[in-house]
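Asker: Need coordinates for the following:
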Amino acid sequence: MPVPETGSPSPFDTMPLPPGQTSTLDLAADDTDDPPQTPPRSRTTVTSTVPTAREGVDGSAQQLKKSVQTVMGNEAPLTPGSQDIKLTRPDPLVMERKEMLKKELKPFIELPAKPGYLFASSLYPNVANADKVAEFLRDTEVYDGECWDLPKTNKDLKEFMMYPCLVRILNEIFRCFLDPTDREAIDTHVTKIYHKEPVNTGNFSSPDISVKAKGSSFQLPDGGNATSIGYSNIAAVFEAKITTQEWSPVEELLQLAVYARQLFIHQPNRRFVRALIITEQTFRLFHFDRSGVQYTQEIDIHKKAKLFVRLVLGLCSLKESAIGLDDSLEWKVVNGRKVSGTLKTCDENNVEITYQLADVEPTLSSYDICGRGITSWRVVDPVSGKILLVRDMWRSENRLSEDYYLEKARGTSGLVQMVSFEFNRRETAQFRGFSNSPHPLFLNRNRIATRIVLDSHGKSIEHFKSAKELLLALRDAIAGHKELYKKEALHRQITLNNIMLGRPGALAGNRGILIGLDLAKKPGTEASAERHSSTEIHRSITILKKGKGMRYPLDHSQLDDLESFVYVLTHIMLNYDHTGTARKSLNLTQRWSLMSNDDEASSKEAYLGQDCFDFESDIHATWPPSCIKLLSAYKSWLFELNRQKTRLANTKPLVREDALEELILQVWEHYHTVLGFFDTAIGAIESGNDVIPPPTPDSVRTGDVLSSTLAPVQEASLSSPFAIPEGDVSEVQENARSFFSLKRSREDDTEDQPGAKRDSSPFAETPSRKTHYSDFRILRKPQPRLKRNPSANRQASRRVERKSLDEIPEEDEAGESSDELDTL
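Answerer: Presented below is the predicted three-dimensional model:
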């Protein structure tokens, strides 16, 4: 049983309807119905007005000038719900997690008494026959006709006294209406139910009562047995309170939000989570979805016994769509674990098609409640046997659908190709019972479920196996970004997960491809705000500083995306060796994920300004000189551009107009410079003169013997394709698991990547500068001092203090591992 947080929440934490205003509820919008069919949708004809015959400034000046006004600051702010919290560890403990959820879920929608009751009573109308419910209440021993068998309110009543009574009531309801072998209420208030996070964690929480479930979407927790319970096999949670505790709705909400988030994470086909807070007198319904949270006022549990029974049956229904699961995904469960599965969608002709899952787990999951909730699945085409990538997401209703930009990308190298698209699979407004007049706080918060099938094998750039394969993939992705920009679309979401390796044997231009065009926009237009992940480390300095530290912020431009590419390369070179083997984290990118936006921006400014890699010197032992030079040149070039952007962002729009226009018109030169960095590095590798160090002892590799001598660069060993067996797909699943493990072993492959077209070396043209002490704000371990003459030591110490100590923060211990368990 969790201990309540100290301090009372602000009265503004909950935002009820204004006086006299009510929310319109669509009582017919019941989520127990089957998912609606994708409506026919006409294709948008895309006409580009940007000349593509020339890439010179003159040929594109007219279109580029259209962007100037927006670049002066007309775009919407970086997301009202974006996280800007300084963390102490990658897997936040209770207080930090609740603070993050509080910001993420706002505004909390507190339904007034009548609309709240109407919302609760509109749910699950067909879950049980009304006469049977009345008969149950008349005959059961847990209800006497007026009251449930719960403790009476008194000064000595403790919360733990509620647990056995509630477990008995819930299981009696299951016994009468459901198969009790598929749903069982269990007292878990002292059970450690472990969390799942992007990093390994020992955090856990303990809902008071959990309903253990069996079914297609449920499986036993990792390492568990038949009696184990975890968030992967929980249908719903119930939390007990007593009236004398006087918990506020916000405290209750944040406690349930921790559980709801884990249900979304462990059950990747979750659409929504509903839960009840139950006291000896009342209950309150909470609803979580990708738009946030809403909850009712307290409802009398004794007088509204029929409604309570119906809600319990709905929250724990055997029909998976009723409890918030997407039943277009189905798994075969053997001995409590998922072993295979299928995914249903519509093909390009809007005809239903069923794909076999290449792996039972998604390749990409969301770790937030609110937002796009992107989940990616690798599937097997039933006709060709080819691996395809399916992306599920919840787009904001005021954003253009991703298929608009995917249509622009058709036939373009370096950009993913769309196979099919489901436009409107479900809306969060439907789950909340809102009709055309939703709650005022829900305006512009509705999200629409979409599903896209893409021609990609779903292996991100992190699965490279040689320096050459990595650089070729990044180069082609950047070239694809350039081509997309020429088609009047700016990507705006360059991350590790949005850069895919091309298929084995791909021709030049498709050795790396960009996906994730859901945040793209037309340059020179405003874009609606969208949440970014709290641990997103690829945002540019300008975007991080937006609204802070810049008097006249600039719009998101192609320069911000080009900066994001360097952080992708940095992450890979610090966390992998040149063979693609994961090694001990060097912490810089992890620290970025823990920092506030301001601190991350300052750290990145210092990083870009460094001419060397002294702070992580062993990078020279794990990557060839060509890659080191590439990264160094790329950083230095961005550093100078960032200085220009910073000056412009602090200059009045009318004053900076000419200088800003001049910078914008250099767009093709910018792409040419960056692509030149990569072409030069690739050429060095292909020349045979590059020297690559052997794997280091801290590399995470199995089965390889580490060499003690330097080795010349070998031709890129490309990723082997997945063999698609006929009939049984167990081999496909095993292959997928091996490819998506961090501990990957080297695979021999004789196929070579085609050579890249190269221009003259741009490295010599890169501006050089001396490194200043103010640049070294990257957190690093202090170096040991040598013993010297005491007086000389004092003088040296004073000089250092005056010159640099104020600018070099002490080592942050936030990134160190901790054995402390997160208990709720």
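Asker: quick one: Ala130 and Leu137, what's the gap?
Answerer: 11 Å (CB to CB, to the nearest Å). (Glycine included, C-beta is placed from N, CA and C.)
Asker: what's Ile353 sitting at in phi/psi?
Answerer: Main-chain dihedrals, Ile353, degrees, to the nearest 10: phi -140, psi 140.
Asker: coming back round to it: tell me, what's touching Ala130 and Leu137 both at once?
Answerer: Listed as contacting both Ala130 and Leu137 by CB atoms under 8 Å, 6 or more residues apart in numbering are Lys306.
Asker: burial measure for the nearest residue to Glu536 once chain neighbours are set aside, as a count.
Answerer: Distances taken as CB to CB, 6 or more residues apart in numbering put Thr495 closest to Glu536, at 7.1 Å, once the chain neighbours are dropped. Neighbour count for Thr495, taken as other CB atoms under 10 Å: 19.
Asker: now do Glu686
Answerer: Neighbour tally, Glu686, other CB under 10 Å: 19.
Asker: Number the residues from 19 up from this point.
Answerer: Got it, first residue is 19 now, which makes that one Glu704.
Asker: That one and Ser484 touch, don't they?
Answerer: No: using CB atoms under 8 Å, Glu704 is not in contact with Ser484; the gap is 11.8 Å.
Asker: which residues does the residue positioned nearest the centre of the chain contact?
Answerer: Centroid-nearest residue in the chain: Ser384, 4.2 Å away (criterion: CA atoms, centre = their mean). By CB under 8 Å, 6+ apart, Ser384 lies in contact with Phe282, Ile283, Arg390, Gly391, Ile392, Thr393.
Asker: and it, how far is that from Ile392?
Answerer: With CB to CB as the criterion, Ser384 and Ile392 are 6 Å apart.
Asker: How about Glu506?
Answerer: Distance, Glu506 to Ile392, using CB to CB: 24 Å.
Asker: again with Lys259
Answerer: Shown here: Lys259 relative to Ile392, a distance of 35 Å by CB to CB.
Asker: Which of those two has more residues huddled nearby?
Answerer: Neighbours were counted for Lys259 and for Ile392 using other CB under 10 Å; Lys259 has more, 23 against 20.
Asker: Tell me the pLDDT of the nearest residue to that one once chain neighbours are set aside.
Answerer: Computed as CB to CB, 6+ apart, the closest residue to Lys259 that is not its neighbour in sequence is Thr297, at 5.0 Å. What the model reports as pLDDT for Thr297 is 97.
Asker: ok, how many other residues are close to Thr297?
Answerer: Neighbour count for Thr297, taken as other CB under 10 Å: 22.
Asker: Same question for Asp197.
Answerer: Neighbours of Asp197 using other CB under 10 Å come to 10.
Asker: Isn't it up against Gly233?
Answerer: No: using CB under 8 Å, Asp197 makes no contact with Gly233, being 10.5 Å away.
Asker: Give the residues shared as contacts by these two.
Answerer: Joint contacts of Asp197 and Gly233 (CB under 8 Å, 6+ apart) are Leu336.
Asker: so where do the helices sit in the stretch 119-268 of the chain?
Answerer: For the stretch 119-268 of the chain, the helices defined by DSSP state H, counting those that start in this stretch cover 131-140, 148-157, 180-195, 267-284.
Asker: do the stretch 569-718 of the chain as well
Answerer: 576-593, 606-612, 615-627, 643-667, 671-682, 685-705.
Asker: Which of the residues in the longest one are classified as buried?
Answerer: When you say that, I think you mean helix 643-667. When burial is assessed from 16 or more other CB atoms under 10 Å, helix 643-667 yields the following buried residues: 643-657, 659-660, 663-664, 666-667.
Asker: got the angle for it vs helix 685-705?
Answerer: Helix 643-667 and helix 685-705 are oriented at 170 degrees to each other (axes from the mean of the first three to the mean of the last three CA atoms, to 10 degrees).
Asker: elements contacting helix 643-667?
Answerer: On a contact count with 3 or more CB pairs under 8 Å, 6 or more residues apart in numbering; DSSP states H and E, helix 643-667 meets helix 485-504, helix 559-562, helix 576-593, helix 615-627, helix 671-682, helix 685-705.
Asker: could you redo the last one with a cut-off of 10 Å?
Answerer: Identification of packing neighbours for helix 643-667 by 3 or more CB pairs under 10 Å, 6 or more residues apart in numbering; DSSP states H and E yields helix 485-504, helix 559-562, helix 576-593, helix 615-627, helix 671-682, helix 685-705, strand 709-710.
Asker: Who has more neighbours out of Ala148 and Leu155?
Answerer: Between Ala148 and Leu155, counting by other CB under 10 Å, Leu155 is the more crowded of the two (17 against 10).
Asker: one step back: could you tell me the least trusted of the helices of the stretch 569-718 of the chain?
Answerer: Among the helices of the stretch 569-718 of the chain, helix 606-612 carries the lowest mean pLDDT, at a mean of 85.
Asker: Let me see the contact set for Lys579.
Answerer: Heads up, residue 579 is Asp, not Lys. Contacts for Asp579 (CB atoms under 10 Å, 6 or more residues apart in numbering) come out as Ile496, His499, Leu502, Tyr503, Leu508, His509, Arg510, Gln511, Ile512, Leu532, His556, Ser558.
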